[in-house]
Structures are given as C-alpha cells and as structure tokens.
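Student: Below is the sequence, then the predicted model.
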Amino acid sequence: MSQISAKDVKDLRDTTGVGMMDCKKALEETGGDMQKAIEYLRKKGAALAAKRAEKDASEGMVCIRVSDDSRSAVILELNCETDFVARGEVFTGFAGALVELALQNRVASPEALLKLTMPEAQGGEVVDDAIKTMTGKLGEKIEVRRLVFCDASDGLVESYVHPGSQLGTIIHVATDKPSEVAPLARDLAMQVAAAAPIEVDRSAVPQELVAKESEIYRQQALAQGKKEEFVDKIVTGRLDKYYQEVVLLEQAFIKSNNTKVSDVLAEFQKQHQAAVEVKEFVRYQLGA
C-alpha cells in the first residue's frame, strides 16, 4: 500500500469537504490515487443517501435570491435532518449555491433543478449527484423540498427572510414605477410573512375552503339557537371576517392596523400616480 501523506489527506478534504478520517480511508482504499479517492467518496455519499432515504428531513432553511434588477426571484426550501446541520456553513453555503443556480437558469421546480450542473467551483456535479455528495459530507439526508421561480417582468419582486431562515416570502407587484414601489413591496413581503394570507383577493380563495368555513359557521349559529332566517346573514358576516384574516388585500396593514392593505395600495396609486397591483406571493415556513 502506498504511503498516504497528511498533505494528500488535506488536499482531498479541501476538494471534497469530507472529514479527514473519511478522506484518509478513501486514499488508503484507492492506493493514494486522488481522482479514484474522489469517486470513492462520491459513491459512498450516494450509498449513504440511499440508506437515509426514508429518514425524516424536517429541519433546514428557506433561501431566496432576487435578481439585480428585481425582475425575477427564486424561493427554495432545502431540508436536512437536524438543526445542528441546518445552521452550519456547509449546509447554508450549499443552499445558497442551489438557489443562485436556480435563479440563473430560471428553473421552476425541484425536478428541473436536480438536472442542472453545479459550477466548477462547487464541484461541477449534476445537482442530484451533488446532493448525494453533500449527504456523504454531512451524514444526513438532504433534499430540495420545494421551489418557486417568480417572473416579474411587468414590475418587480421583493422578498423578506425572517431571522433564522425558517420563514421567507417573495411578492410580485406589477407597476410602471418599480423604483418608487420597491419600499412598499418590501413592506408587503413582510406583511405576508407576519400575517400569513393564503391569497391576494377573496375571489382566489378556494371554494372548498369557503364552503367548509360556511358550514362551520352555519352549524355554530344553529347550535346557538339562531333562527333559520337569520343564519345566512350570520354566515355572511363571519365569512367577511374570515376573508379579512386570510386575504392579503383585506388584511389590516402591519404598519397601520386601522388601514386595510387595499387602502394602502389605493393611496399610494393616488399619491404617486402609479399603477400598482399585487399579482402573487409565495410564503414558505420551514416544514409547513
């Protein structure tokens, strides 16, 4: 067996990011051949990934990248098994590299991302293989749980990531004055994070949710002995309150509880003579 030097072990560690003992073993198993040792470690990572495929990966982070011109963005959730790994530089750096790659290639799904190739500076592997390699480095299941690409060519996209990177939002606002709207859009991204709306306006709320809420209110009213002729009015009133909780435009604005978001937008349009329309938003909370 060829002599394995400390420098060889260090060089392999610098190349792969794998622990020193694993690097030493890889070099011993491959007779000191650096390229074979790298391939050995990759196969080991793939084997570990297969072994841990059934593990629960409920920790991780929400990562966002917005283009320099604020016309596109990607929000991504990358999962691992423990909070300890999720807070480490290796995992967070990998998440950042993935979301940057997704933005550059404008991919709209985890499946599309897995087929891309990482930059040479980050190993040059296909993402699917890079995840297996990362599993080998960290010893935990790693997976891209979900991803959304947002095209805001008709305005801008703004984002908010809550400290800890377990909650993040992006919001797409159509406007003819993006630079003036940017501060308001940032406030709206924070609004989505804090108030957790499910849709922009009430017409988009799924009818099955509306029907479910209506039935709950109806049964409550009847249980309270309300007369049938008054039940519909009671249900309508309670539905209005429900919409104020789950519809972005009907929520109280986080910076002024006495003003609805829709009124804030209307006032901004009037003051700045600008077209402003919230087109969509995405809110990711880790594991939710």
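Tutor: Looks like it arrived, so ask away. Because the structure is a prediction, the values reported are computed rather than measured.

Student: Surely residue 90 is in contact with residue 139?
Tutor: No - under the contact definition of CB atoms under 8 Å, residue 90 does not touch residue 139, with a separation of 11.1 Å. (Each C-beta comes from the backbone N, C-alpha and C, glycine too.)

Student: quick one, strands of the protein?
Tutor: Remark: strands assigned in the chain by DSSP state E are 59-66, 72-80, 143-151, 155-161, 167-175, 252-253, 256-260, 276-285.

Student: so can I have a markdown table of those showing distance to residue 8, mean neighbour count and mean pLDDT?
Tutor: As requested, those are exported to a markdown table (distance: least, CB to CB, whole Å; neighbours: other CB atoms under 10 Å; pLDDT from 0 to 100):
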| stretch | distance to residue 8 | mean neighbour count | mean pLDDT |
| --- | --- | --- | --- |
| strand 59-66 | 34 | 22 | 97 |
| strand 72-80 | 30 | 26 | 97 |
| strand 143-151 | 32 | 19 | 96 |
| strand 155-161 | 40 | 24 | 98 |
| strand 167-175 | 41 | 24 | 98 |
| strand 252-253 | 61 | 18 | 96 |
| strand 256-260 | 64 | 11 | 89 |
| strand 276-285 | 42 | 19 | 97 |
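
Student: Mind putting those into TSV with distance to residue 183?
Tutor: Putting the strands of the chain into TSV (distance: least, CB to CB, whole Å) gives the following:
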stretch	distance to residue 183
strand 59-66	15
strand 72-80	17
strand 143-151	19
strand 155-161	9
strand 167-175	11
strand 252-253	14
strand 256-260	15
strand 276-285	12
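
Student: out of those, nearest to residue 14?
Tutor: In terms of CB to CB, the element of those nearest to residue 14 is strand 72-80, at 22.7 Å.

Student: which helices and strands sit right next to the closest one?
Tutor: When contacts are defined as 3 or more CB pairs under 8 Å, 6 or more residues apart in numbering; DSSP states H and E, strand 72-80 packs onto strand 59-66, helix 89-105, strand 143-151, strand 155-161, strand 167-175, strand 276-285.

Student: lowest-pLDDT helix or strand in the protein?
Tutor: Using mean pLDDT, DSSP states H and E, helix 34-51 stands out as the lowest-scoring helix or strand of the chain, at a mean of 66.

Student: For residue 162, which non-adjacent residue is spatially closest?
Tutor: Across the structure, with CB to CB, 6 or more residues apart in numbering as the measure, the residue nearest residue 162 apart from its sequence neighbours is residue 193 (5.9 Å).

Student: Next one: that neighbour relative to residue 209, how far apart?
Tutor: With the distance defined as CB to CB, to the nearest Å, residue 193 ends up 21 Å from residue 209.

Student: who has more neighbours, the two?
Tutor: Set side by side, residue 193 and residue 209 give different neighbour counts by other CB atoms under 10 Å, the larger being at residue 193 (21 against 13).

Student: Tell me who's in contact with that one.
Tutor: If you count contacts by CB atoms under 8 Å, 6 or more residues apart in numbering, residue 193 has them with 160, 162, 167-169, 283.

Student: how deep is the nearest residue to residue 117 once chain neighbours are set aside tucked in, by neighbour count?
Tutor: Leaving out its chain neighbours, the residue that sits closest to residue 117 by CB to CB, 6+ apart is residue 126, at 5.5 Å. For residue 126, the tally of surrounding residues (other CB under 10 Å) stands at 14.
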